[in-house]
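Trainee: sequence first, then the predicted structure, then my questions.
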Amino acid sequence: MSKDIDVPGGPVTEQLSPDEVAERTRAAVGYNYEFEEKYVVSREKIHEFANASQLLDPVHHDVEAARAAGYADIVAPPIMFSLIGIIAHRPLFENAIVGYGRRPVMQTEQKAQFHAPIVAGMILTTHVHFDSFRQIAGVDLITTRNEISDQDGNHLVTSWTTLAGRSGEDEDAEFVSAMEKVMMYGAS
């Protein structure tokens, strides 16, 4: 379990108004933490991502081909870092960015800078940074940055994700239910 993030205003124990949600979220900008759960990169998960992405290059599927290409094991598809980020963001939305409840918060942009490949057998650490918050036309825009490193401290990926949500909208149960079915709700 990840440690709590010390945010201004303490834990939320009651329903917040849209203005209170925005104020708390804005106050949390700058918070960062190391996600305590390490992510162990398995061959099975790499196969799953490579197949879903239709990546047929043998370095994603065959250990010998990966080793012949200079890698220690099979190579994760580049998009695999996004799953690691989703998992590592949970404490941010449980402890610092609060008040959205089950209202949809959707990804609007993602950028990544790759420093080295992720390969099977690595044990990854993710540092999560809450970089910015702004409101435009009633939409809350939240930007986070993840720094992913391996067990030896080698920096592998830096990613930036922008999320959009509306803190002031009433929860639409039907919409939330539909989103849970198509988004990576409860990803692991």
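Mentor: Okay, I see it.
Trainee: can you list the low-confidence ranges for the chain?
Mentor: 1-14, 101-104, 168-188 (pLDDT under 70).
Trainee: just the helices in it please.
Mentor: Applying DSSP state H to the chain gives helices spanning 18-27, 43-52, 63-68, 81-91, 173-182.
Trainee: any idea how far the residue of the chain most remote from its centre lies from residue 34?
Mentor: Ranked by distance from the centre of the chain (Cα atoms, centre = their mean), the top residue is residue 68, with 31.9 Å. Distance of residue 68 to residue 34, given as Cβ to Cβ, to the nearest Å: 35 Å. Just so you know, the C-beta spots here come from the backbone N, C-alpha and C atoms, and that holds for glycine as well.
Trainee: try residue 165
Mentor: Counting by Cβ to Cβ, the gap from residue 165 to residue 34 is 25 Å.
Trainee: of these two, who's got more company?
Mentor: residue 165 (20 against 13; other Cβ atoms under 10 Å).
Trainee: next one: that one relative to residue 130, how far apart?
Mentor: 14 Å.
Trainee: mutual contacts of those two, please.
Mentor: Taking Cβ atoms under 8 Å, 6 or more residues apart in numbering as the criterion, residue 165 and residue 130 both touch residue 142.
Trainee: so what secondary structure elements neighbour the longest strand anywhere in the chain?
Mentor: The longest strand of the chain (DSSP state E) is strand 123-136. Here strand 123-136 touches helix 18-27, strand 32-34, strand 39-40, helix 81-91, strand 139-149, going by 3 or more Cβ pairs under 8 Å, 6 or more residues apart in numbering; DSSP states H and E.
Trainee: give me the angle between it and helix 81-91.
Mentor: 70 degrees (axes from the mean of the first three to the mean of the last three Cα atoms, to 10 degrees).
Trainee: please begin residue numbering at 515 from this point
Mentor: Understood, numbering begins at 515; the last thing we discussed is strand 637-650.
Trainee: pretty sure residue 677 is touching residue 647, no?
Mentor: No. Residue 677 is beyond contact range of residue 647, at 10.0 Å (criterion: Cβ atoms under 8 Å).
Trainee: more crowded one of these two?
Mentor: Under the criterion of other Cβ under 10 Å, the comparison of residue 677 against residue 647 puts residue 677 first, with 20 against 17.
Trainee: what bridges to the more buried one?
Mentor: residue 621, residue 656 (DSSP bridges).
Trainee: need the contact list for it.
Mentor: Shown in contact with residue 677 (Cβ under 8 Å, 6+ apart): 619, 620, 621, 622, 655, 656, 657, 658.
Trainee: what is the nearest of those to residue 555?
Mentor: residue 658 (21.3 Å; Cβ to Cβ).
Trainee: rewinding a little: which of the contacts of residue 677 count as buried?
Mentor: 619, 656, 657, 658 (16 or more other Cβ atoms under 10 Å).
Trainee: perfect, I'm done here.
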